[in-house]
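Enquirer: Next comes the sequence, and after it the predicted model I'd like to discuss.
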Amino acid sequence: MSEERSLNFIEEIVEEDIANGKNGGRVLTRFPPEPNGYLHIGHAKSICLNFGLALKYNGKTNLRFDDTNPVKEDIEYVDSIKEDVKWLGFEWANEVYASDYFDKLYELAVALIKQGLAYVDDSSAEEIAIQKGTPTEPGVPNEYRSRSVEENLQLFADMKAGKYPDGAKVLRAKLDLASTNMHLRDPLMYRIRHTHHHRTGDAWCIYPMYDFAHGQSDAIEEITHSICTVEFIPHRPLYDWFIEKLNLFPSKQYEFARLNLNYTVMSKRKLLQLVEENHVDGWDDPRMPTISGLRRRGYTPASIREFCERIGVAKRENMIDVGLLEFCIREDLNKTAWRRMAVLDPVKLVITNYPEGQEEIFHGENNPEVEGGDGSREFQFSKELWIERDDFMEVPTKKYFRLGIGLMVRLKSAYIIKGESVVKDADGNITEIHCTYIPESQSGNDTSGINVKGTIHWVSVAHAKTAEVRLYDRLFQVEDPSNEEGDFKDYINPNSLHILPAVYIEPDLANAKIGTPVQFMRKGYFTLDKDSTPDKLVFNRTVTLKDGWVKK
RNA sequence: UGCCUGAUAGUAUAAUGGUAGUACGACGGUUUUUGGUACCGUUUGUCUAGGUUCGAAUCCUGGUCGGGCAACCA
């Protein structure tokens, strides 16, 4: 634990800046989501990076909503984003909105017009696209590019005043139509949108574009390190240009590669489609890679933070194996989740030499990983128990350590038993297993001298409660659905959800709480779902236990 | 066929001209009243061709391959 992890390239930059006394050693980052969807695990990487940097270097982080496109944004998303960031365990210094700066941004645009560095263009979107040229051919100026400052000032004021319909005019920066960087060919700064904004209402009908909102917001807040993903690299010269021409605080942009996880999709557009077309149960469906989905699935904030730490930060494209995420949640839950017994695929076990009607109370540690077991709970033992169907094999194979005819196994926290015979139905399916128990082998008090290789879990037929259990598998059948032939939805895993309507659980599990993880011994980690009612418990499987047993 | 980026085990990530290391995975073993955990071990790598240098993953040149860029999205 005292092992130092080496610095990622952004931490190196920050340390160098601090060493050079840049910004007086001050570090202020920001997490700037557009409130047009729910946060996913890719955002978690950015959140952990931005907030983590501030924590590490004694700085602060702003939560800023990049709400410059009212057509796609909604307050619902603002609320969910705040909830998710908090849940991950981070505190922002200021909650701010790009829309807070609409007045300031308008002034800055006017200032640029006055310098002759911006103009109002009456062209249509199509015309502008054509006039921009292609990467190999320079763009060409149009008649509007040479409008006078006075005329531009008037037209821009008229745009703001609502004198024109959507699309009639735009404000563009006057840069370089021949630039090899397409983003510098007179980029749009403002467009007309007669749309209600979730925060500013109908106060505005012109809205700034990303390039004229993001960097300026950074500068207004005096962000020292503005960290974004690599697809914004071509925007950086523009980012710097606006700041320079407007003489603003010199925030600097740095870029890292976004997270890609296999067997899922990460784009908001695709996630939205999954939700809207009902391929999943909503943004927080436990199969979704959203923060809310992972939370409902049973992932913990600590496990997600650890995951983000382990994947590292670099600039090259990457595809992280979802197995690493699973490793992180198992690692966390192994240390914290209480152990309970639940039989998912039951078959009845009858102990023929156990007295009819007799009951015994046994105890089980809550967590053997914790000193002292973290307390214990009680459960009843009786003549008839439920055990897992695959914990019995009529004709055992060589390395089978569980129950078989003539094979002995321990019932967890109870007795050693020996398989004797089976009862089958007309189709040859086993309906009951008969066994005998060794009275001297009681757990913690074993004088039998018998050593068995296997231990299986169980619940008493007379005392078990039932619950619905939802087993989840990966949402897609291929590693990279977005990169396959055809539509990504063609690769949805039809078996990503498997519902077990009536699983037998030990009585104590009736006290389960939403948000408290539990290990069903030998089966995996589970968590109570929000669909639960007092009459009907529903558990989600977060992840299976690692299975080191190579069958046959 | 322009510009910008990137390339280290299966997957990620470190080594900042001086022994290619770490994690996850896989495989094997020890312990175990969870075939879990823990612990131990094995495995596999510098895209390519030149150059500079006593010495190159690192610096230089050419090539190859991947990603991004021509939204009134962010």
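Expert: Everything's here; your move. Given the structure is predicted, the values throughout are model-derived calculations rather than measurements.

Enquirer: Those residues of the stretch 401-550 of chain A touching RNA strand B, which are they?
Expert: A:401-402, A:410, A:412-413, A:442-444, A:446, A:454-456, A:519, A:521-522, A:545-550 (C-beta under 7 Å from any atom of the strand). Using the backbone N, CA and C atoms, a C-beta is placed for each residue, glycine as well.

Enquirer: Separate out the buried members of these.
Expert: Applying a neighbour-count criterion of 16 or more other C-beta atoms under 10 Å, the buried members of these are A:R402, A:R410, A:K412, A:S413, A:Q442, A:S443, A:T455, A:I456, A:Q519, A:M521, A:R522.

Enquirer: Is it possible to get JSON lines of those residues that adds secondary structure and pLDDT?
Expert: Listed next are these as JSON lines, based on DSSP: H, G, I helix; E, B strand; the rest coil; pLDDT from 0 to 100:
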{"residue": "A:R402", "secondary structure": "coil", "pLDDT": "96"}
{"residue": "A:R410", "secondary structure": "strand", "pLDDT": "98"}
{"residue": "A:K412", "secondary structure": "coil", "pLDDT": "98"}
{"residue": "A:S413", "secondary structure": "coil", "pLDDT": "98"}
{"residue": "A:Q442", "secondary structure": "coil", "pLDDT": "97"}
{"residue": "A:S443", "secondary structure": "coil", "pLDDT": "96"}
{"residue": "A:T455", "secondary structure": "strand", "pLDDT": "98"}
{"residue": "A:I456", "secondary structure": "strand", "pLDDT": "98"}
{"residue": "A:Q519", "secondary structure": "strand", "pLDDT": "98"}
{"residue": "A:M521", "secondary structure": "coil", "pLDDT": "98"}
{"residue": "A:R522", "secondary structure": "coil", "pLDDT": "98"}
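
Enquirer: I'd like to know which of those residues is nearest to A:G357.
Expert: Ranked by distance to A:G357 (C-beta to C-beta), these are led by A:Q442 at 18.7 Å.

Enquirer: circling back: as a markdown table, the buried ones among the residues of the stretch 401-550 of chain A next to RNA strand B with distance to A:I243 would be great.
Expert: A markdown table is the format used below for these (distance: C-beta to C-beta, whole Å):
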| residue | distance to A:I243 |
| --- | --- |
| A:R402 | 68 |
| A:R410 | 70 |
| A:K412 | 65 |
| A:S413 | 67 |
| A:Q442 | 76 |
| A:S443 | 70 |
| A:T455 | 66 |
| A:I456 | 66 |
| A:Q519 | 53 |
| A:M521 | 59 |
| A:R522 | 59 |
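
Enquirer: Farthest-apart pair in the residues you listed, please.
Expert: Across those, the longest distance by C-beta to C-beta is 23.8 Å; it joins A:Q442 and A:Q519.

Enquirer: And the residue of the stretch 351-500 of chain A closest to RNA strand B?
Expert: A:S443 (2.7 Å; C-beta to the nearest atom of the strand).

Enquirer: which ones are touching that residue?
Expert: With contacts defined as C-beta atoms under 8 Å, 6 or more residues apart in numbering, the neighbours of A:S443 are A:F362, A:R410, A:K412, A:S413, A:A414, A:Y415.

Enquirer: and it, how far is that from A:A337?
Expert: When distance is defined by C-beta to C-beta, to the nearest Å, A:S443 is 21 Å away from A:A337.

Enquirer: next one: A:R236
Expert: Noted for A:R236: a distance of 45 Å to A:A337, by C-beta to C-beta.

Enquirer: Same check on A:R410?
Expert: Here the criterion is C-beta to C-beta. By it, A:R410 lies 22 Å from A:A337.

Enquirer: can you tell me the helix or strand for A:S292?
Expert: Element membership of A:S292, judged by DSSP states H and E, is helix A:291-297.

Enquirer: could you point out which element follows that helix?
Expert: Once helix A:291-297 ends, the next helix or strand along the chain (criterion: DSSP H and E) is helix A:301-311.

Enquirer: Within the helices and strands, which one has A:L500?
Expert: Here A:L500 is assigned to strand A:497-505, by DSSP H and E.

Enquirer: What lies in contact with that strand?
Expert: For strand A:497-505, the external contacting residues (C-beta under 8 Å, 6+ apart) are A:287, A:340-346, A:386, A:459, A:461, A:464-473, A:537, A:539.

Enquirer: swap in stretch A:152-166?
Expert: Under the criterion C-beta under 8 Å, 6+ apart, external residues in contact with stretch A:152-166 comprise A:106, A:109-110, A:113-114, A:118-120, A:147, A:169, A:171, A:190-194, A:204-206.

Enquirer: let's see 6 Å
Expert: By C-beta atoms under 6 Å, 6 or more residues apart in numbering, the list of residues contacting stretch A:152-166 from outside reads A:I113, A:Y119, A:V120, A:K169, A:L171, A:I192, A:R193, A:H194, A:C205, A:I206.

Enquirer: cool, stretch A:527-541 as well?
Expert: A:286, A:297-298, A:467-472, A:512, A:514, A:517, A:524, A:526, A:542.

Enquirer: Low-confidence regions, the stretch 451-552 of chain A specifically.
Expert: For the stretch 451-552 of chain A, residues meeting the criterion pLDDT under 70 lie at A:551-552.

Enquirer: Would you map the strands across it?
Expert: Secondary structure of the stretch 451-552 of chain A (DSSP state E, counting those that start in this stretch): strands at A:455-456, A:459-460, A:465-472, A:497-505, A:518-520, A:524-528, A:538-543.

Enquirer: Could you dump the ones you listed into CSV and include distance to A:T200?
Expert: Conversion of the strands of the stretch 451-552 of chain A to CSV gives the following (distance: least, C-beta to C-beta, whole Å):
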stretch, distance to A:T200
strand A:455-456, 63
strand A:459-460, 58
strand A:465-472, 41
strand A:497-505, 41
strand A:518-520, 46
strand A:524-528, 40
strand A:538-543, 40
